[in-house]
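J.: Here is a sequence together with a model predicted from it:
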Amino acid sequence: VQLQACVGGMVQAGDSLRLSCRASGDFFRLYHSAWFRQAPGKEQELVAAISRSGTTTHYTDSVKGRFTISRDNAKNTAYLQMSSLKPEDTAVYYCAATRVRLSYTGDGYGVWGQGTQVTVSS
């Protein structure tokens, strides 16, 4: 499977933005999926992860209550709905997928989309 993330954007603090990640092929339903981000000068971090069925989700503490990860297997697409955005959410966001197991670290994912820049101004 290959992943194609939508273009991010530049928004103001408090705004909302939805990222989408579309997978090629018909087997996306077999993959767990996640969103990671990397800000300048910082290490890559998990933002959110979702199981292949969508029944299990996990968020990093800094986005809990503000971000929602979801997926539509019929459309081969995963989403990251971001609300109440803060300047510290500014980063390059990456979608990722794995068939092995739901993982909360980057080394657990073998399929990556291209990064998309999200910039939040104060």
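T.: Cool, got the structure.
J.: Need the pLDDT of the spatially closest residue to residue 25 that is not a sequence neighbour.
T.: Nearest residue to residue 25, sequence neighbours excluded (CB to CB, 6 or more residues apart in numbering): residue 1, at 5.1 Å. The C-beta positions use only the backbone N, C-alpha and C, and glycine is treated the same way. Here, the pLDDT recorded for residue 1 equals 86.
J.: Residue 27 too?
T.: Looking at residue 27, its pLDDT stands at 89.
J.: which residues does residue 84 contact?
T.: 14, 16, 66 (CB atoms under 8 Å, 6 or more residues apart in numbering).
J.: in the helix-or-strand element of the chain with minimal mean pLDDT, what counts as buried?
T.: In the chain, no helix or strand scores lower on mean pLDDT, DSSP states H and E than strand 3-5, which sits at a mean of 89. Residues 3, 5 are the ones in strand 3-5 that count as buried (16 or more other CB atoms under 10 Å).
J.: which residues touch it?
T.: Outside strand 3-5, the residues that touch it by CB under 8 Å, 6+ apart are 19-24, 93-97, 111-116.
J.: re earlier: would TSV of the contacts of residue 84 with secondary structure be doable?
T.: What follows is those, written out as TSV (DSSP: H, G, I helix; E, B strand; the rest coil):
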residue	secondary structure
14	coil
16	coil
66	coil
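J.: quick one: which of the residues you listed is nearest residue 33?
T.: Set against residue 33, the nearest of these by CB to CB is residue 66 (19.0 Å).
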